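Undergrad: only geometry, no sequence info:
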């Protein structure tokens, strides 16, 4: 319905986000209405990614930023349904296939549900990620925190940050496998969700912003926002 270039006016949040930090704007708005946020966080041991349910703004930091591996859904869809039946406003965020999966599970339209998906490059196996982490831990010690899209060297020249170690995307083996499409699964090349979008809003990096809205190109990240439904609008 509409297309926007946008960014979070909170510079600290934007720097900690993969692109323009627009997810945090949505999430903070929903939490102010006593709503629930569902999104993907890294597991405590950093060997996997998983869906979590967030009601406290202090927990939003765990949901910010890209996680380049398949996330565990677990019983998330059941929790979402219960929150909706309890009258809670719910923001569900994820890849297109995860959003479509939720819609298929629910079967019915809920006025109190807003779905936001991301333009998806594809999701590597969590088994591959764990293998990579174990490989890195032999060299650098236990992985406690990871940022897949660290902007220390700017938004366009991002890298991995593992604990306090920054590794350029051009030098990190996992990022190179991902960006060159070596680690994407066959199912991602047959993605039904790319043909049938069921999200209310789609967000992504606004690559090429320097050619469209150059005044927003400050090297810190700009979000692309596609409004798909009246609810999303």
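TA: Ah, there it is. On a predicted model such as this, the values are computed, not experimentally measured, just so you know.
Undergrad: Now do the buried residues in the longest helix belonging to the chain.
TA: Longest helix of the chain, by residue count under DSSP state H: helix 126-140. Neighbour-count burial for helix 126-140 flags 126, 128, 129, 132, 133, 136 (criterion: 16 or more other C-beta atoms under 10 Å). C-beta: built from backbone N, CA, C; applies to glycine.
Undergrad: for stretch 28-40, same thing?
TA: 30, 31, 35, 36, 37, 38, 39, 40.
Undergrad: do the same with stretch 59-79
TA: 59-60, 63-71, 73, 76-77, 79.
Undergrad: What sits closest to residue 11 if chain neighbours are left out?
TA: Closest residue in space to residue 11, ignoring its immediate chain neighbours: residue 220 at 7.3 Å, by C-beta to C-beta, 6 or more residues apart in numbering.
Undergrad: ranges for the helices of the chain?
TA: 11-15, 22-32, 76-85, 96-106, 126-140, 173-179, 209-212.
Undergrad: can you tell which of the ones you listed is closest to residue 52?
TA: Checking the helices of the chain against residue 52 by C-beta to C-beta gives helix 76-85 as the closest, at 8.5 Å.
Undergrad: Helix 96-106 and the closest one, what's the angle between them?
TA: Interaxial angle of helix 76-85 relative to helix 96-106 (axes from the mean of the first three to the mean of the last three C-alpha atoms, to 10 degrees): 60 degrees.
Undergrad: Begin at 267 from now on, thanks
TA: In the new count, where the first residue is 267, that last one comes out as helix 342-351.
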